[in-house]
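Engineer: the following block contains a protein sequence and its predicted model.
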Amino acid sequence: MDWFHDWPRNALVDVAARFLSEIDFPTPEIRESVGQHMADVHLSIAEANIDFLRVERRFNYTTPTSYLELISFYRMLLDKKRDKITDQIDRLEIGLGIMKATIEQVEGLQKLLDVKMVDVE
């Protein structure tokens with residue numbers, strides 16, 4: 001008996017849109033594209049399950065819970081990547097600040113060297 005029924009594509013897209021609405025995306029089009037892609041991935045897994053059954057003679061199911069875990073994993077991974085990028089931006093800004101301070105010190109030393117060269121001559 002097959003207790004697992006595939007969700008229709010529009011239901012998958014709606015569920016993804018609901019959970020992705022809490023995430024800040026640059027544009028609504030990106031949010032919609034990500035939701036569409038998640039539905040496509042979930043449906044492609046269902047197709048791969050058919051191939052798996054044909055080749056291995058074993059059942060593999062993709063359940064609504066696995067789809068929700070996909071969305072949850074995406075959100076977790078996105079947060080982690082955003083945090084990493086923010087840290088890298090901070091490190092870059094600190095490095096640029098240090099380079100600017102070093103350039104100012106070198107310019108000051110160059111002016112001092114010019115004055116000392118006049119004294120030496």
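Structural biologist: Nice, thanks for sending it over.
Engineer: tell me where this structure has helices.
Structural biologist: In the chain, the helices defined using DSSP state H lie at 9-20, 28-56, 64-120.
Engineer: buried deepest among the ones you listed, which one?
Structural biologist: Among the helices of the chain, helix 9-20 has the highest mean neighbour count (mean count of other Cβ atoms under 10 Å), at a mean of 16. No exception for glycine: its C-beta is placed from N, CA and C like everyone else's.
Engineer: which strands and helices sit next to it?
Structural biologist: The elements that helix 9-20 packs onto, with contact taken as 3 or more Cβ pairs under 8 Å, 6 or more residues apart in numbering; DSSP states H and E, are helix 28-56, helix 64-120.
Engineer: same thing but 6 Å
Structural biologist: For helix 9-20, the contact count by 3 or more Cβ pairs under 6 Å, 6 or more residues apart in numbering; DSSP states H and E identifies helix 28-56 as packing neighbours.
Engineer: relative to helix 64-120, how tilted is the helix it packs on?
Structural biologist: Angle, helix 28-56 to helix 64-120, by axes from the mean of the first three to the mean of the last three Cα atoms, to 10 degrees: 120 degrees.
Engineer: find the nearest non-adjacent residue to the residue nearest the centre of the chain, please.
Structural biologist: With distances taken as Cα atoms, centre = their mean, Leu78 lies nearest the centre of the chain, 3.8 Å away. Among residues not flanking Leu78 along the chain, Ile23 sits closest, at 6.7 Å (Cβ to Cβ, 6 or more residues apart in numbering).
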